[in-house]
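**Q** Prediction below, plus the sequence it came from.
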Amino acid sequence: MRAKRLLAIARKEVLQIVRDPRSLMIALLMPFLQMFLLGYGISLDLKHVPVCVFDRERSQTSEDLVARFEASAYFAVTRRLSQYAELTDAIDRRACVLALVIPPDFSERLAADGTAPVQAILDATDTNTATIAYGYAANVLARYSAEIGETERARQGETASLFVPVEVDSRVWFNEDLESRNFIIPGLVAVILALVGAQLTALTIAREWERGTMELLISTPVTATELMVGKLAPYLVLGWAVSVLCLLLAVFWFAVPFRGTIGTIFVTTTLFLLVVIGIGYLVSALIRDQLGASQVALIATILPANLLSGYIFPIDQMPAAVQAITYLVYTRYYVEIVKAVFLKGSGLAALALPVVFLAVYAAAVLALAALAFRKRLR
Amino acid sequence: MSPDAPPVVALDGVVKRFGERVAVDGLAFAVAPGEIFGLVGPDGAGKTTTLRMLAGLLPPDAGTIRVADTDVVAAPEAVKARISYMPQRFGLYEELTVAENIRFYADLFEVPRRVREERTDRLLAASGMTAFRAFRAGKLSGGMKQKLGLTCALVHTPDIVLLDEPTTGVDPVSRREFWAILYRLRAEGVTILLSTAYLDEAERCDRLALLSAGRVLHCDTPAALKARMPGAVLAIMTGSGRAARAALDGQEGVGRALLVGGGLHVVVDDPARRIPQIRASLAERSVPVGDIAAIAPGVEDVFMALVADASPR
């Protein structure tokens, strides 16, 4: 590898990028728009989940509990039921996602034992919604029991402080407000970089074949490696710029807490960028026309990045066979890393496994890309 | 130029197929060091394919190719530092300026800065392009682009220059500058191999290979090729060349007619006998005609006569 030739390629590429402001604008504007579109468009937060109440006691205490659900922004009590059959019917017709069954001896048992069971029936045809609704319901109930404990203590004075109802005191770590945005946005950054990065380089070789400049270029002593490194270096810098833009939007516009270090995010983002621009280059070297290369790069990145990266759909809930496939989806490693760096503040040591996977991936893709480029006409 | 020196470019039995089509079919010729060697032939004769194989861009299906003591078939990369190749289609970067394009190629051949600057100045001056240094290549005219291509090709010091129809679309003044540069290169000992569709230009070469259907029909100096031509060329002055050509078609002892400015060129076996015969048949068809005289054949006439002989009709 000769420095002079490598620099010549890099300089030429920079001049081309800078002098084609349209492509540059697209490269910077596309992620910007995607951040806003998807950042606002995708939310897994549930508001006003329809709730049916089958209150078999109809006491002051049970009404009190129902009022908590009514007060919560997450739920809307839509129906009161008077028998169990109605409940089945309501769930069947999707009149409610959550049915709350309060036993006839609710207040009695609460007074006697300090705890009382409440049944929650969930329509899990939509697992995601059901899981989240369950989480919210558990939260409402936990808060309610805590308050009962407080009132009980206040009523009985210091001495009776032993009277505390059993409560599920679940504490949510890393995303205390259970804001789905907080885990979607970091994943979104990963998905956008995967798409944009591959698109940037998908055209770089194909364009030279199409415009006829490649015929002259391959008649010179430049090597495949020099060409690759020289061409990818400017796009890595552009990739950094796009990353900074996306990360700044995540932190300052979408107010996602950033608890990691700049160093960790820099190292891991660089590895990820090497993979994605390498993929684009590989596609470009194999498919010698711009439209074809761009399409293939899009399909090769968009589906796995969206569906199999764990950015929206949790990988551990996928069937085992699909989970196995996700190990090939490089975006999954970066999604995992960005989420952890943002929300948990994880460092490189804690992320060793995905970081090593990314590094191996980057090396393999770049080696393949260098091999795929042939200094030959067809 | 020394024809006895071992050839610097040598092809033997070279075959190249593109699917069913045979583009180059058992091609063989050799180029001596310091020659300007021209590949002449109609479209589809295999000129571009041949140059691409010589430049190591295209592997042949059979045959041997040696360029600058290198086996191009076995080691295509080894030859690349020794040659300059200028493709038919403009291969430079339109977004880059003239000077940036030149520097790019100089750097790819690792030309030291001082040498690069000196050569750039000289080559730009020779092609009348000094004033266009800061122009974007995409803004140049066709002829300027070709001159820039040549400048880029010559900014390192190649042993062999391969030019594919370098003067297509170039105006006459630029063409003269182009050739002046090529002659200077030859004086420096550089071997030049070019293809051309302009037969007047072919006459400027030291030796020519007439290509047809991927084979060399004849390979010799322009003068020897002319001498090889059977018969003589008659220039027929007439205002209605097409009518005259129709009248002479298929006549005994009269070859294929070539339309030129002011009339026709025809190849005949015996001028003394055929001039009266031609006058008679033109008068018969009442085609107005002026002088008819034997002239020295140009390469174009030779080419027409020799290619016509070879092609099955």
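**A** Yes, it's here.

**Q** So, low pLDDT: which residues of chain B?
**A** Filtered on pLDDT under 70, chain B yields the residue ranges B:1-4, B:307-313.

**Q** What is the neighbour count of residue 51?
**A** I'll assume chain A. Look at A:Val51: counted by other C-beta atoms under 10 Å in any protein chain shown, it has 24 neighbours. Heads up, the C-betas are built off the backbone N, CA and C, glycines and all.

**Q** if you could check chain B rather than the one you did, that'd help
**A** By other C-beta under 10 Å, the residues close to B:Leu51 number 24.

**Q** from what I can see it touches B:Leu193, true?
**A** Yes: B:Leu51 lies in contact with B:Leu193 (C-beta atoms under 8 Å); the separation is 7.2 Å.

**Q** which residues are common contacts for the two?
**A** Common contacts of B:Leu51 and B:Leu193, defined by C-beta atoms under 8 Å, 6 or more residues apart in numbering or on different chains, comprise B:39, B:162-163.

**Q** Mark which of the residues you listed are part of strands, please.
**A** Among those, the members falling in strands (DSSP state E) are B:39, B:162-163.

**Q** TSV for the residues you listed, including distance to chain A and neighbour count?
**A** Shown next, in TSV, are these (distance: C-beta to the nearest C-beta, whole Å; neighbours: other C-beta atoms under 10 Å in any protein chain shown):
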residue	distance to chain A	neighbour count
B:Leu39	17	29
B:Leu162	8	27
B:Leu163	12	26
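
**Q** Just the closest of those to B:Ala305, please.
**A** Within those, proximity to B:Ala305 (C-beta to C-beta) peaks at B:Leu39, which comes in at 18.6 Å.

**Q** what sits against that closest one?
**A** Here B:Leu39 is in contact with B:47, B:50-51, B:193-196, B:208-209, B:211 (C-beta under 8 Å, 6+ apart).

**Q** Looking at those residues, which two lie furthest apart in space?
**A** Top of the distance list for those (C-beta to C-beta): B:Leu51 and B:Leu208, 14.8 Å.

**Q** Mind listing what's buried along the lowest-mean-pLDDT helix or strand in chain A?
**A** Between all helices and strands in chain A, the lowest mean by mean pLDDT, DSSP states H and E belongs to helix A:127-156, at a mean of 78. Going by neighbour count (16 or more other C-beta atoms under 10 Å in any protein chain shown), the buried part of helix A:127-156 is A:129-130, A:132-133, A:136-137, A:139-141, A:144-145, A:148-149, A:152-153.

**Q** wait, isn't B:Val161 in contact with B:Val190?
**A** Yes: contact between B:Val161 and B:Val190 holds when scored by C-beta under 8 Å: they sit 6.0 Å apart.

**Q** those strands in the chain, which residues are they?
**A** Picked chain A for this. A:49-55, A:75-80, A:98-102, A:119-122.

**Q** oops, I was thinking of chain B
**A** With DSSP E as the criterion, chain B has strands at B:9-18, B:21-31, B:36-40, B:62-67, B:70-71, B:83-86, B:160-164, B:191-196, B:207-212, B:215-220, B:232-237, B:254-260, B:263-268, B:292-295.

**Q** Looking at those, which is nearest to B:Met144?
**A** strand B:83-86 (14.2 Å).

**Q** what about the closest one, near chain A?
**A** Yes: interface with chain A: strand B:83-86 contributes B:83-86 (C-beta under 8 Å from any C-beta of the partner chain).

**Q** With neighbour count as new columns, can the residues you listed be given to me in JSON lines?
**A** Supplementary listing: these in JSON lines, determined by neighbours: other C-beta atoms under 10 Å in any protein chain shown:
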{"residue": "B:Ile83", "neighbour count": "26"}
{"residue": "B:Ser84", "neighbour count": "28"}
{"residue": "B:Tyr85", "neighbour count": "26"}
{"residue": "B:Met86", "neighbour count": "25"}
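
**Q** Return the member of those residues nearest to chain A.
**A** Closest approach to chain A among the residues of strand B:83-86 next to chain A (C-beta to the nearest C-beta): B:Tyr85, at 3.9 Å.

**Q** Many thanks, have a good one.
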